[in-house]
Structure formats: structure tokens, C-alpha cells
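1. What follows is a predicted structure for the sequence shown.
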Amino acid sequence: MNAALALEDPVLVIEHVDLYGTSDRVPDTDLDYVIPPGSAAVRRAGNDVTVLTYLSMVGHTLEAVEQTGTDAEVIDLRWLDRASLDWDTVGESIRKTNAVLIVEQGARGPSYGAWLADEIQRRFFDWLDQPVERVTGGEASPSISKVLERAAIARTEEVVAGLERVRAAGGIR
Amino acid sequence: MAVVVRMPEIATGAAEAAIQSWLVEVGSPVRAGQAIVEIETEKAVVEYEAERAGILAGILLPAGQAAAVGVPIAVLAEDGESVDAALAAAGGAPAPATTTPSDTEVAAAPEEAAEAPAAPASAPVEPPAPAPADPPGEERRLFASPLVRRLAAERGIDLAEVPGSGPRGRIVRRDLDAWTPAPVERQPEPAPEAVEPPVVPASVDAGYEDVPHTGMRRAIARRLTESKATVPHFYLQADCRVDALLALRAQINEGREQRISVNDLVVKAVAGALRDVPDANAIWTPDATRRFSAADIAVAVSVPGGLLTPVVRGADRLSIGELAATVRDLAARAREGRLKQNELERGSFSVSNLGMYGTRRTPASSQSEPRRGGPWSRTTDHWRPRRSCR
């Protein structure tokens, strides 16, 4: 939010309700601390697959990585728009792991990851060892029902399945 | 312009092959389709035909020497083109393989060293050709990830030799990292005809001698090891009274010129059993159990310097006389080293017989090569009629 306020351009800030209840650390000296624009954060370093995700799915992804014991590099994209995406961090990771898993919570059709996958295969075709793999919600948007909502979105279990697909495609038994 | 003839991939998945003999002399004209060279793979000798007409300008790989698939073995000059010009156009190289000691050293080094002189020599000849060698006549699409294709090009690896473990056999990075190049050069053998391994008299004081492996020995060892490593093994043993069988054989052989052996009868019996129990006519592959519709029985034939397992096709449908004649023919040609590659592939069961040496049973050594060459053989079944043990 600080970054959005500091910028003079229109900024869209996406908040996830699941994150409202979480507590985390912030720099305590500088109340005007700004996450550097256009910078992604590597939440976990790894060698076998680059997982690109954001917001609440970062936590689910880290859980899934823990559960499967995958040596995954988990990147919290943080800045999602085309102009600000941190291609340096993403590219460095893909050149190391040669495999990409995009993790999102929402429905597959209007998902954010589709254009990201498209851009990745254009930029890093020769570095990819397998097709870009994606974890998304279902075909439809969630409805107002705990059960239907769970069925429509992705959580840790779906990420675990996605990681297994990546491992299989990479010949990791 | 000059045409470079490359070592063809005779057997699917074979990494290397050896020249048995050149059928055409340097300087002689060659018709398209004319057999110009006999090439020996691990198990068979195949005549290789020229793809186009020309004059054999130079032989780059002399008889008796082996090279990796895709390595240039000869240069053809077009009509009117001088032999020297052709050789020059081909990179001026009777390059990598002449029988000098220094070359053997080069070749003994890992493949980069041996490939290095060959690759640049061939590059200017066929500009449009892709860098990895493309065996002529081989149109099979090779699945490899984009990363693997790039790395293979950088490292000069022929992907045709690398087994793929990804979806639909795609070669992925892990396969490339795990793959170690096959040795490019075999020990030169003194006589191309001989299948027998040349005995190198190492220094007598050493107290031992090293007998270089032949292609066949390597193949046998590799497949046994692969099989043990990749196929679940279990052993079932039973003793059979075969008095009735021997009596039947005696009856069949009365007045017969070409006698039926007990081995023929066992092959026939195995084939019938496989037809009756299709579940047993199957091999293990990484993704599925492969059941065969025909009973193709591989028969182990001892040959000088090794073992061959030619396959009797549809053994269940052959009469015992036909079967015996087929086995006799395959065995005879196996000993002469004249089997064709397709006669050695795709057996679903194999029968071997060491009974005459008093062997009672050997832990069956299943051998399978399901990935490229197709199943090679599955089970070795040792048997020995009691009565022949005197």
C-alpha cells in the first residue's frame, strides 16, 4: 500500500481476505518502507522447479512443497502487471530449474497465469525441460457455499498434485 | 558435390557399429542402391547400400573399426568431380580413423575428443543438415524438451542414443545428465571376419591378460544387467518326466533324415503353452505389461565368442518339422554371423539348453530391452532330459 501511495500513477492493489488474519514482520524503523516496485521475492530457494505464485497461494505453495519434499524455488511475484513483473528474478530461476509451475487460486478460464505462461514460453523456450504447468481453480467461479467454494478454488492439495505432475514430467521418481 | 556417408543406425537404438568389410574399392564407381559396405552391429552383419551414385572417393573408417552412429565413414564424389576435390570438399579429411597408435589414443578418450575432428570436417559439406547426425532413412521423430535439444547441440551429443524417461519417452534434462556416452571406438579387431575376441598377449609377468570385449559380449552383459535392474525377478522351478516325450521323439525320428531334437520339441511345447496361457506370453515394460499375440520364441545359440538368440516366429503355428528346420537354419546362420537384425529382435520368450553339459538349472536370467529394440527375450528356460545324463 505504501508503494501505491508513493507512486503518482493509478495503482490497483489486490488484497486477499485470507491474508487479513495473518501476522508477519515489517521493518520497524521506516514507516514509509516501500517494497521496491517491480521486485519479486524468492520465498524458498530450490533447484527442481520454479513455482510462480502470489497472495494467499504463496502460503499454500510453501506447505505443498514441504509436504512433497520437492526441491522447488517458490517466487512470490508481488508485482503482477506486465510492466512491473520481475523478469530478472523469474528468468534467473527458470534458467536454473528449467521447469515452471504457476499457482493460482481462481478459476482456470480468466486466470492470470495464462498470459504469464504464454510470455514464459516465448522468453525461455530453450530453457524449458517441460511444458509450463499450472495449478488453478476449477472451470467455474466459486459460489456462496463452503463446499462449492472449496470445490472451485485451489488450495494446498491442488498444489501438491501440480508439483507431482511437474516431477513426473521431469523424470523425477 | 561430395557426399559424406555416415555410419547408419542399423539396429534401433544402437549407439555404434563397426565396419566389417568394404565391398567397393576407393576410386570405383558406385550405383545408387549398390551395397558398398558390410556393417557389423552388436549381433548382426548388414550390407549398407549407397543412397546415390558416385565414385567412392575415400574411406574414412577402415574395416575392423567401430564408430558411433552418425560419424562419417566414407566420401562419395559425384561424376566428373575429382576424388581429391571431393575429399577436400568433405573437409580434407580421411580424418578420424586410421589405424595409427595415436588415433587409438584419441579415440579411447571420451567422446568429445573423438567426435571433435569429425564434426567440423563434416560441417561445411551439408550446411542445411542439423548438427546432430541424422541417420539416413531414419524418419522417427525424436521427442526431447527444448532445453535438452539445446544442451545436446552444445555438448555434441546425438540424442538418438539417449533414452528418454519423460512423458511419451520424451528426453528430459535428467536423462541427458545421467547419460554417459558410449565409447566411440572399439578395440580394433585383427580379422573382421572373426567374431572370436582377439587375445591380446598382455605382458606375461603381469599374471593376467585382458581380452577386449566384443560388441556381442558387451551387449550380453549390458542386457543382463539392465534386465536385472529393471525387471522384477522371481524364479519357479519344476522337474518334468519326459519319458513319453522321448518316446514320441524316437517315433517321429524313425526313418527321418533331418532328426527332430528334444530342444525342438521343448520349443514347440513352450510355444503351445504360451498360446494357451496368453498371460504368460508377456513382458514387463516401464508403463505396462506387454502381451504378445504370437508365440515368437528366441532360441539361444552358442557361437564363437558369445551367444545369439535368433527368434522363431509363430512357433506355435509351425509343424514340428518346419520348426526344426527353422531352428537349424537360424543356428547355422548364427554361427556364421549372418543373421539379420530383425531375426534377433522381438522374441517374447527364450529357450536355452545347457543340459548336455550337465547343468541342472540356472537362475533364469530374463533379458528385456523394451524401450528401443523391442523386447528382446524374456526368460531363459534350462532343461535337461534325465536320461541324457549318463
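-> Structure received.

2. contacting residues around residue B:300?
-> B:307, B:308, B:309, B:350, B:351, B:352, B:353, B:380 (Cβ atoms under 8 Å, 6 or more residues apart in numbering or on different chains). Just so you know, the C-beta spots here come from the backbone N, C-alpha and C atoms, and that holds for glycine as well.

3. ok, the fourth one touching residue B:308?
-> When you say that, I think you mean residue B:350. No: contact criterion Cβ atoms under 8 Å: residue B:350 and residue B:308 do not qualify, at 10.9 Å.

4. Show me where the chain has its helices.
-> If you meant another chain, say so; for now it's chain A. Using DSSP state H, the helices assigned to chain A run over residues A:2-6, A:56-68, A:87-97, A:113-124, A:146-152, A:156-169.

5. other chain: chain B
-> Under DSSP H, chain B gives helices at B:83-89, B:101-108, B:111-122, B:146-155, B:173-178, B:215-230, B:243-253, B:262-276, B:320-335.

6. ok, which residues in chain A are in contact with chain B?
-> For chain A, the contact set with chain B under Cβ under 8 Å from any Cβ of the partner chain comprises A:98, A:125, A:126, A:127, A:128, A:129, A:130, A:168, A:169, A:170, A:171, A:172.

7. got a pLDDT number for the first one?
-> So that's residue A:98. As predicted, residue A:98 sits at a pLDDT of 92.

8. Nearest residue to it in space, ignoring adjacent ones along the chain?
-> residue A:129 (4.0 Å; Cβ to Cβ, 6 or more residues apart in numbering or on different chains).

9. Dihedrals phi and psi, that neighbour?
-> Torsion angles at residue A:129 (phi, psi; degrees, to the nearest 10) stand at phi -100, psi -10.

10. What residue, apart from its backbone neighbours, is nearest residue B:167 spatially?
-> That would be residue A:169: by Cβ to Cβ, 6+ apart, it lies 5.8 Å from residue B:167.

11. Would you mark the buried spots in the helix or strand of chain A with the lowest mean pLDDT?
-> Within chain A, no helix or strand scores below helix A:2-6, which has a mean of 86 by mean pLDDT, DSSP states H and E. Neighbour counts over helix A:2-6 (16 or more other Cβ atoms under 10 Å in any protein chain shown) mark residue A:3 as buried.

12. show me the contacts for the most centrally placed residue in chain A.
-> When Cα atoms, centre = their mean is applied to chain A, the residue found nearest the centroid is residue A:53 (0.3 Å). For residue A:53, the contacting residues are A:61, A:74, A:75, A:76, A:77, A:102, A:103, A:104, by Cβ under 8 Å, 6+ apart.

13. Tell me the bridge partners for it.
-> Beta-bridge partners of residue A:53, counted by DSSP bridges, are residue A:76.

14. Could you tell me how far it is located from chain B?
-> Distance, residue A:53 to chain B, using Cβ to the nearest Cβ, to the nearest Å: 22 Å.

15. and residue B:300, what are its phi and psi?
-> Torsion angles, degrees, to the nearest 10, at residue B:300: phi -70, psi 130.

16. Now residue B:26. Nearest residue, chain neighbours left out?
-> Residue B:26 sits nearest to residue B:56 (Cβ to Cβ, 6+ apart), 5.5 Å away.

17. quick one: pLDDT of that neighbour?
-> At residue B:56, pLDDT is 83.

18. which one in chain A is furthest away from the centre?
-> By Cα atoms, centre = their mean, chain A has its most distant residue from the centre at residue A:29, 29.0 Å.

19. Against residue A:23, how distant is that residue?
-> 19 Å (Cβ to Cβ, to the nearest Å).
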